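>>> Whatever this is, show me its structure:
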Amino acid sequence: MRSIKYELLFILLITASCAVNFKTIQRLDNVYKISAEAQLKNEHYQEKIENFYTLGKEGYFAGKDSIQIYYKIFRQAALESPAILISSGRTEAAIKYKELIFDLYNNGYSVYILDHRGQGLSGRMTKDPDMGYIDTFQFYVDDMKYFYDTTLKKTPHKKKYLLAHSMGGAIGITYLEQNPKDFNAAAFSSPMLGFIAFTCSATKLLSGKKTKYALGQGSYQENENIFKKNKLTGSEIRYHLMNAAFAKDTLARLGGPSYQWIYKSCKQFDYINDNINNIETPFILFSAENEEIVSIKAHQKFIEEAQQLGKTCEGFLIENAQHELFIEKDEIRIKTMNQIFNYYNKY
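Reported below is the predicted structural model:
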């Protein structure tokens, strides 16, 4: 009982510290063209999103070490339209972002998305296709830079924006540190800047030379997709649509992380924090109040240092939200997306 009290006190202290530098967003009306849960429950609306998604241009390119990287592009008829590049999280794929891509496109943006190496429809680096693995974290960034230079950059978009979630946030922030001129602005949803569940120091000792799942992790399990047990979102309809997408396209699935993936990610956190001063791109960061995947404390530390270095950035604590802000309940998702669109419009 005592340990539970201490845990609750710890959570309250973290939340209070975040509130010092993080702003909160009051409930906002759906002022943009953003899908609602009531619409998603309509089969005809779901079909509309599915049909739109199939119209995207898809393809592959050879990433670092000849790993095939899958991508999808949704260009507006007006080629000078503003463009958004999506950098997704661990285990994710373009198929998970159908609703988001649909909404971004309907608000006038061309949309570019790639499946990061080792997940989605991109090539794997291990014999077990379910295992979360990365050989060199920098390769994530190199793949995205190649995609940017060979696709997005070659279209005369008047503005270019980055939209990144979770692991994609760690990739995206590294990208901004190395390529400060490529984007007009960036938005980060629950960026992976530190872990809650994994201890970096212990992982270093356990990573070893043999590639293996981290303790308690394993291959993709369909029976784990129970809404009441999930730590990602409070939206039941969006949670089920996400799992339905992966049930339909099983090749895009990914299971738990390996010790190697955790270790390489931990090393990247140090790199990111050591290179904040290289960022020139204005950015906005969203941290979920009920986060159980990545570290809110790491978000706070990152924003504090960025602001001390004079970077153009804002941090928001999204109240009552879980990790997956883009598939959260309407109230959370709409106000987050409103804030992102408002921020992009400034730059």
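>>> Distance of Ile84 relative to Gln300?
26 Å (CB to CB, to the nearest Å). Where you see a C-beta, it was placed from the backbone N, CA and C, and this is true even at glycine.
>>> swap in Leu55?
Going from Leu55 to Gln300 by CB to CB gives 41 Å.
>>> Same check on Arg124?
35 Å.
>>> before we move on, what about Gly56?
Taken as CB to CB, the span from Gly56 to Gln300 is 37 Å.
>>> Look at these two and report which has more neighbours.
Ranked by neighbour count (other CB atoms under 10 Å), Gly56 and Gln300 place Gln300 first, with 22 against 18.
>>> my read: that one touches Asn21, true?
Yes - counting by CB atoms under 8 Å, Gln300 touches Asn21, with 6.4 Å between them.
>>> any shared contact partners between these two?
Residues touching both Gln300 and Asn21 (CB atoms under 8 Å, 6 or more residues apart in numbering) are Gly315.
>>> chain center to the helix or strand containing Ala38: distance?
In this assignment (DSSP states H and E), Ala38 forms part of helix 37-40. Averaging C-alpha positions (CA atoms, centre = their mean, to the nearest Å) puts helix 37-40 23 Å from its chain's average.
>>> What of stretch 138-154?
Computed by CA atoms, centre = their mean, the chain-centroid distance of stretch 138-154 equals 17 Å.
>>> What of stretch 114-134?
When distances are taken as CA atoms, centre = their mean, stretch 114-134 is centred 16 Å away from the chain's centroid.
>>> avg pLDDT for it?
In this model, stretch 114-134 has a mean pLDDT of 97.
>>> for Tyr71, what are its contacts?
Taking CB under 8 Å, 6+ apart, we find Tyr71 in contact with Glu58, Gly59, Tyr60, Phe61, Ala94, Tyr112, Ile113, Leu114, Asp115, Phe147, Thr151.
>>> Which among these count as buried?
Phe61, Ala94, Tyr112, Ile113, Leu114, Asp115, Phe147, Thr151 (16 or more other CB atoms under 10 Å).
>>> who does the third one bridge with?
In this entry, Tyr112 is beta-bridged to Ile73, Leu85, by DSSP bridges.
>>> all helices of this structure, in order?
With helices called from DSSP state H, the chain shows them at 2-21, 37-40, 43-54, 98-106, 137-147, 167-178, 200-207, 236-248, 259-274, 296-308, 330-346.
>>> I'd like the distance between the spatially closest residue to Pro282 that is not a sequence neighbour and Asn338.
In this structure, Pro282 finds its nearest non-sequential neighbour in Thr312, 4.0 Å apart by CB to CB, 6 or more residues apart in numbering. As judged by CB to CB, Thr312 and Asn338 stand 20 Å apart.
>>> ditto for Arg253
With distances taken as CB to CB, Arg253 is found 32 Å from Asn338.
>>> Now do the contacts for the closest residue to Met144 other than its chain neighbours.
Spatially, and ignoring its direct neighbours in sequence, Met144 is nearest to Tyr175 (5.8 Å; CB to CB, 6+ apart). Counting by CB under 8 Å, 6+ apart, Tyr175 makes contact with Ser87, Val141, Met144, Lys145, Leu162, Asp182.
>>> Tell me the one of these nearest Glu47?
Checking the contacts of Tyr175 against Glu47 by CB to CB gives Ser87 as the nearest, at 28.0 Å.
>>> so what pLDDT did the residue lying closest to the closest one once chain neighbours are set aside get?
Of all residues not flanking Ser87 in the chain, Gly168 sits nearest, at 3.4 Å (CB to CB, 6+ apart). Per-residue confidence (pLDDT) for Gly168: 98.
>>> cool, and Asn225?
pLDDT for Asn225: 79.
>>> what's the burial count for it?
As a burial measure, Asn225 scores 16 neighbours (other CB under 10 Å).
>>> How about it, nearest residue that isn't a chain neighbour?
Per CB to CB, 6+ apart, closest to Asn225 is Asn243, 4.5 Å.
>>> now swap in Lys64 and tell me
Nearest residue to Lys64, sequence neighbours excluded (CB to CB, 6+ apart): Phe139, at 4.1 Å.
>>> ok, the one you found - how many residues close by?
Phe139 has 21 neighbours, counted by other CB under 10 Å.
>>> Isn't it up against His116?
No - the pair Phe139 / His116 is not scored as a contact, 9.3 Å apart, by CB under 8 Å.
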